[in-house]
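Colleague: Structure for this input, please:
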Amino acid sequence: KVIDVNQKSVFLVSQQVSRYMVQRRRGKIINICSMQSELGRKTITPYAASKGAVKMLTRGMCVELAEYNIQVNAIAPGAHKTDMYWDAYKIDPELLEKRTKGCPLQRAGEVSEMYHIVRYFLASDFITGQVVSPNGGTTMV
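Modeller: Numbering: from 1, shown residues only. Below you'll find the predicted structure:
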């Protein structure tokens, strides 16, 4: 189910939308992967693998679609205060507190903080194949 939701759905939607963009000879696709595609942790292997596939789909599509003036990028967020974050907090508050302390900025991100990355991808016509990971520095430690 994780692969179907996180990986297969992104592939199928991208496939359909890119056909339209190819005809128009322009477009922008912004995928959502995850910081977890860079890390190995117990119990999240299917999730990390599905998000890693989205990251590589992004990079492959950017090469295939560049000749049609289509830019494909991705955001790979770390812990942000989403429904998934709060669901995990209900299950194990101590784990999330430990992970927050392991983040150099000592906090989870606000969903609104991803707005600036989306705006950057939309504003630029010369960035493609990039994965930006707003994660408070977590992947650096």
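
Colleague: Mind listing residues that contact the helix ranked longest in the chain?
Modeller: With secondary structure taken from DSSP state H, the chain has its longest helix at helix 45-65. Helix 45-65 is contacted by residues 2-3, 5-7, 10-11, 14, 18, 21-22, 27, 29, 31-34, 36-37, 39-41, 71-74, 76, 128-129, 131 when judged by Cβ atoms under 8 Å, 6 or more residues apart in numbering. C-beta coordinates here come from the backbone N, C-alpha and C atoms, glycine included.

Colleague: one more time with 6 Å
Modeller: For helix 45-65, the external contacting residues (Cβ atoms under 6 Å, 6 or more residues apart in numbering) are 2-3, 6-7, 10, 18, 31, 33-34, 36-37, 72, 74, 128-129, 131.

Colleague: Stretch 73-80 too?
Modeller: For stretch 73-80, with Cβ under 6 Å, 6+ apart as the criterion, the contacting residues are 30-35, 55, 58, 108-109, 111, 114, 117, 121, 130-136, 138.

Colleague: Show me those that map onto helices.
Modeller: 55, 58, 117, 121.

Colleague: any idea which of the residues you listed is closest to residue 95?
Modeller: residue 55 (24.3 Å; Cβ to Cβ).

Colleague: ok, that closest one to residue 19 distance?
Modeller: Here residue 55 is placed at a distance of 22 Å from residue 19 (Cβ to Cβ, to the nearest Å).

Colleague: now swap in residue 105 and tell me
Modeller: In terms of Cβ to Cβ, residue 105 sits 40 Å off from residue 19.
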